[in-house]
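Novice: Build me a model from this:
(one chain, ligands or ions: 1)
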Amino acid sequence: MSRSPIRQQFPILNQMMGSYPLCYLDNAATSQKPERVIQAMDDYYRRYNANVHRGSYQLSATATSAFEAVRRQLQQFIHAAHPQEVIFTRGTTEALNLLAYGLNKHIKPGDRILVDSTAHHANLVPWQQLALRSGAELIAIPLTDELRLDRQALRTLLQLPTRLVALNHVSNVLGTVNDIAALAQEIRAAGAICVVDGAQAIGHLPVDVQQLGCDFYAFSGHKMYGPTGVGVLWGRLPLLATLEPMLTGGEMIKTVSFTHTEFGELPFRLEAGTPPIAEVIGLGAAIDFLNSVDRNNAQQQEQQLLQQLQQQLAALPGITLYGAHADNRGAIAFNLAGEHHQDVGILLDQQSVAIRCGHHCAMPLMDAMGLKGCCRVSLGIYSNADDITRFIQALRTTITLLTGE
Ligand code: PMP
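Specialist: Numbering: from 1, shown residues only. Alright, predicted model coming up:
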């Protein structure tokens, strides 16, 4: 496999899996980590491991400033207006749960919550639980025949008073992209809170939360070449300030007595307990990595690879693509006629090609497509033409083995 300057930074991609080099095409599940992320976390543990925000000694001050510097890096990365708008969580799932819990007081019986039909369970189950707790009504926003969000149907739904709309930025199954800037404008004009799950967008698209115009945006570090165990909830400051903390305890208080607790200021009031310090520092290194590459160029190349992959896949016998459009990002969903998706995945794995097969934590989407599951191939910043060739060859072999074609 050719080793581009970007690819060279990812030690895992050097690896042989049996007699083949690893062909990693499950980037929607998690991305690989560049050397500088691994080193930054190692360096923290070796040189300045200490708890943050509370030490009266030098080591803790060093850890705290490294930790808080990442908050400011993230602020710039997503163009947030203030560093306090960046809340550290353990990932997208925790960010969306924190939000759904935090909005308890805002949602009343009979309120309407609309959820994107492509939603990952992380952007559906927390809203479903909130609806159950509050007596609100949860409504699925329908899809068009092309498996895109049905804008007309959303407009009709927004004609009735609506409290909140939860959208996917990029679908983790199909790779379809929602035009958040346009949707958020309509949603907010209708008086609803607009929440966006950016887990699959953050590594593939430039994200400017002010330009997107939503109210909340959630993402995970591990989908943008950073470590697992860290993510972000971004929110507009006045709205964030009204959230009820999901976790209470240390770090998030101003004063505590046995009868009363006064919560502290943002961002700390939503970050109870010791945060994932090494992971935050690793995420900072991931941003350094992304800032060190020509992202526009990298994203364009990734986009071209995705389109080539769509075309080559569609030309194979018995393959059906789902929701494939030229403007999709990152992922392609497909099945092989008459064969179980898991069988395809296993045979590809035997040729050291890693893709994901299953329901992809999007069971309602699978239901809408009339499927039990599907295969998903997903790209990262280091994916190249060799990956596509390897994958297509391995899939041809798989098709021959399974169908005799
Ligand atoms: N939303 C989407 C669209 C995702 O793809 C994922 C991860 N597969 C999540 C949410 C959940 O992210 P995490 O597991 O990092 O919390």
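
Novice: near the ligand, which residues of the stretch 51-200 of the chain show up?
Specialist: 91-93, 120, 122-123, 168, 172, 197, 199-200 (CB under 6 Å from any ligand atom). For glycine as for every other residue, the C-beta is placed from the backbone atoms N, C-alpha and C.

Novice: Show the backbone phi and psi for the closest residue to the ligand within the stretch 301-405 of the chain.
Specialist: Nearest residue of the stretch 301-405 of the chain to the ligand (CB to the nearest ligand atom) works out as Cys361 at 5.9 Å. With angles defined as degrees, to the nearest 10, Cys361 sits at phi 60, psi 40.

Novice: List the contacts of stretch 34-48.
Specialist: 9-11, 59, 62-63, 66, 225-227, 277-279, 281-282, 284-286, 288-289 (CB atoms under 8 Å, 6 or more residues apart in numbering).

Novice: which secondary structure element contains the closest residue to Leu371 other than its chain neighbours?
Specialist: Leaving out its chain neighbours, the residue that sits closest to Leu371 by CB to CB, 6 or more residues apart in numbering is Asn335, at 7.1 Å. Assessed by DSSP states H and E, Asn335 sits inside strand 331-336.

Novice: Run through who's touching that strand.
Specialist: 28, 170-175, 200, 306, 309-310, 313, 318-324, 341, 344, 360, 371, 374-379, 398-399, 402-403.

Novice: Those residues, buried ones only, as a PyMOL selection?
Specialist: In PyMOL syntax, the buried subset of the contacts of strand 331-336 is picked out as below (16 or more other CB atoms under 10 Å):
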select buried, resi 28+170+171+172+173+174+175+200+306+309+310+313+319+321+322+323+324+341+344+360+371+374+375+376+377+378+379+398+399+402
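
Novice: Show me the contacts of strand 331-336 that map onto strands.
Specialist: Using DSSP state E, the members of those that fall within strands are 319-322, 374-378.

Novice: re the thing from before, what pairs with the strand holding Asn335, parallel or antiparallel?
Specialist: strand 319-322 (antiparallel), strand 374-378 (antiparallel) (DSSP bridges).

Novice: show me where pLDDT drops low in this structure?
Specialist: By pLDDT under 70, the weakly predicted segments of the chain are 1-2.

Novice: For stretch 310-330, what is the distance to the chain centroid?
Specialist: Its chain's C-alpha centre and that of stretch 310-330 lie 22 Å apart, by CA atoms, centre = their mean, to the nearest Å.

Novice: My understanding was that Phe268 contacts Met252; is that so?
Specialist: Yes: with contact defined as CB atoms under 8 Å, Phe268 counts as touching Met252 (5.5 Å).

Novice: hmm, back to that, give me the neighbour count for the residue nearest to Leu371.
Specialist: 21 (other CB atoms under 10 Å).

Novice: what about the helices in this protein?
Specialist: Applying DSSP state H to the chain gives helices spanning 35-43, 58-78, 92-102, 125-134, 151-157, 180-189, 209-212, 237-240, 277-292, 295-314, 341-349, 363-369, 385-403.

Novice: Make a markdown table out of those helices and add distance to Arg3.
Specialist: Formatted as a markdown table, the helices of the chain follow (distance: least, CB to CB, whole Å):
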| stretch | distance to Arg3 |
| --- | --- |
| helix 35-43 | 13 |
| helix 58-78 | 27 |
| helix 92-102 | 31 |
| helix 125-134 | 41 |
| helix 151-157 | 43 |
| helix 180-189 | 35 |
| helix 209-212 | 35 |
| helix 237-240 | 43 |
| helix 277-292 | 16 |
| helix 295-314 | 15 |
| helix 341-349 | 23 |
| helix 363-369 | 37 |
| helix 385-403 | 10 |
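
Novice: Deepest-packed of the ones you listed, please.
Specialist: Counting by mean count of other CB atoms under 10 Å, helix 92-102 has the highest mean neighbour count of these, with a mean of 24.

Novice: State the distance from Ile187 to Arg155.
Specialist: 10 Å (CB to CB, to the nearest Å).

Novice: meant to ask about Thr30
Specialist: Here the distance between Thr30 and Arg155 works out to 36 Å (CB to CB).

Novice: swap in Val230?
Specialist: Applying CB to CB, the value for Val230 to Arg155 is 37 Å.

Novice: Then Ala80?
Specialist: Counting by CB to CB, the gap from Ala80 to Arg155 is 29 Å.

Novice: my read: Ser171 touches Leu143, true?
Specialist: No: shown here, Ser171 and Leu143 do not form a contact pair, counting by CB under 8 Å, at 10.0 Å.
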